[in-house]
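> this one's structure only:
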């Protein structure tokens, strides 16, 4: 994920808002998800690894990473 300071054309106020929102999302994910689910999401989206790279880094299969991402996103969306 690009840092807020890297966001093109954003004012300093908008950059701060984007950064705060990003931090809030990741903090919520850390609270709601298991450590494994959080790590998979972090590698996949924050570190911008491909599904294949995430699977390799975690010692999982590609389908397993896809299932973990799907379930973790569902869990975050429903608010549990």
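Okay, I see it. From a predicted model like this one, the values you see are computed outputs, not experimental measurements. Residues are numbered from 1 along each chain as shown.
> Low-confidence stretches in the protein?
Per-residue confidence for the chain (pLDDT under 70) gives these ranges: 1-8, 17-22, 79-80.
> Following the chain onward from whichever helix in the chain runs longest, which element is next?
In the chain, with assignment by DSSP state H, the single longest helix is helix 12-32. Using DSSP states H and E, the next helix or strand after helix 12-32 towards the C-terminus is helix 35-41.
> residues in contact with that following helix?
29-30, 33, 54, 58, 60, 65, 68-69, 71-73, 75 (C-beta atoms under 8 Å, 6 or more residues apart in numbering). For glycine as for every other residue, the C-beta is placed from the backbone atoms N, C-alpha and C.
> possible to save those as TSV with secondary structure?
Shown next, in TSV, are the contacts of helix 35-41 (DSSP: H, G, I helix; E, B strand; the rest coil):
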residue	secondary structure
29	helix
30	helix
33	coil
54	helix
58	helix
60	coil
65	helix
68	helix
69	helix
71	helix
72	helix
73	helix
75	helix
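> of all those residues, which two lie farthest apart?
Using C-beta to C-beta, the contacts of helix 35-41 span at most 19.7 Å, a distance reached by 30 and 60.
> Looking at these two, which is more packed in?
Set side by side, residue 30 and residue 60 give different neighbour counts by other C-beta atoms under 10 Å, the larger being at residue 60 (17 against 12).
> From the geometric centre of the protein, which residue sits farthest away?
Residue distances from the centre of the chain (C-alpha atoms, centre = their mean) peak at residue 11, which lies 24.1 Å from the mean C-alpha position.
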